[in-house]
Structure formats: C-alpha cells, structure tokens
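*Asks:* here is my input, please return the structure:
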Amino acid sequence: MTNSFESKLRPGGYGQVYKGNLSNNSPVAVAVKVLNASKGNGEEFINEVISISRKSHVNIVNLLGFCLEGQKKALVYDYMPNGSLEKFIHNRNLETNPPLSWERLHRIAEGIAKGLEYLHRGCNTRILHFDIKPSNILLDKNFCPKTEVNICTTTSSCD
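*Replies:* Predicted structure coming up:
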C-alpha cells in the first residue's frame with residue numbers, strides 16, 4: 001500500500017505517517033500511520049479502532065482501516081492533500097504555502113469547532129480529544145478542516 005514506505009508525509013507523536021494507495025492501480029490516495037510500539041495484546045487497540053471507526057462527520061478524518069500484526073499496528077486514513085494546518089500557521093515558505101485569507105481561516109475555525117462539538121456531544125459514544133493542535137488539524141483539497149482523532153490521545157466514555 002505504501003510502496004515500501006517510500007513517501008513519508010510527516011512525523012506523528014504516535015508514529016510515522018506515509019502516503020499510499022488502496023491498490024497498485026488505484027488513484028485513491030490514503031495516509032497510513034504506523035504506530036510506535038506499544039504494550040498489550042492489541043485488545044485495547046481493537047476497541048479504540050472500533051470506537052473511532054463508528055464516528056462519521058465532515059470535520060473528522062475518516063478511518064478507512066487498520067492492520068494489527070503481532071506488535072505492529074497501523075491505521076489507514078483518508079489522504080488530506082493540503083496537509084496540516086500547522087504548515088499554514090507557521091508558514092516558512094510562502095511560495096509553496098501561500099497565506100490563508102481571513103475568510104478561509106474563519107471557515108477552518110468553524111469546522112474545527114463543529115468537529116470537536118460532534119466528538120464531545122454529538123456521537124453516541126463520546127470521545128474526549130486530549131491533543132488538539134494545528135498539526136492534528138488536516139486540510140482536504142478544498143481546505144475543509146478535519147480533526148485527526150489519535151487512538152493514543154482519546155478517552156471514550158458514555159457520560
């Protein structure tokens with residue numbers, strides 16, 4: 001899927017993220033996060049994957065699948081071609097990352113708020129996100145913000 005981890009997108013706090021394709025002939029790009037080693041038999045990982053995979057909102061990154069092979073764990077997400085909000089906020093290269101307009105920044109802020117509101121109040125199993133920061137806000141091709149929900153930074157609860 002990642003062509004031997006050829007195209008690194010970004011480092012993550014919980015693992016490296018690579019660009020991939022659903023199949024060799026598929027134009028559908030994905031982001032594959034290979035998680036750092038963790039303890040346990042994978043049961044907690046599977047429970048979190050199930051919880052996150054049931055979430056569906058326009059402002060939440062869509063989890064497409066996962067891989068659990070021994071201690072190796074990976075998550076497959078929709079690919080976000082504009083990367084993270086961080087590169088636009090801490091913009092060091094104006095040619096590749098032109099500044100965002102105030103109108104676009106306002107729409108991004110509203111989208112982030114809607115995604116968090118959904119996680120905290122709108123879904124049947126609430127997720128508290130403990131790692132909101134610009135690098136965890138991803139932008140699709142239309143600059144629609146999508147909050148990345150990391151398995152290692154959530155606590156699911158009913159109340």
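*Asks:* buried set for the longest helix anywhere in the chain?
*Replies:* Determined from DSSP state H, the single longest helix within the chain is helix 102-117. Neighbour counts using 16 or more other C-beta atoms under 10 Å place 107, 108, 111, 112, 114, 115, 116 of helix 102-117 among the buried residues. Backbone N, C-alpha and C define where each C-beta goes, glycine included.
*Asks:* could you list every helix and strand in contact with that helix?
*Replies:* strand 137-139, strand 145-147 (3 or more C-beta pairs under 8 Å, 6 or more residues apart in numbering; DSSP states H and E).
*Asks:* now tabulate those strands in TSV and tack on mean neighbour count and mean pLDDT.
*Replies:* Output for these, formatted as TSV (neighbours: other C-beta atoms under 10 Å; pLDDT from 0 to 100):
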stretch	mean neighbour count	mean pLDDT
strand 137-139	23	94
strand 145-147	24	94
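*Asks:* could I get these as TSV with distance to residue 128?
*Replies:* As requested, these are arranged in TSV below (distance: least, C-beta to C-beta, whole Å):
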stretch	distance to residue 128
strand 137-139	17
strand 145-147	12
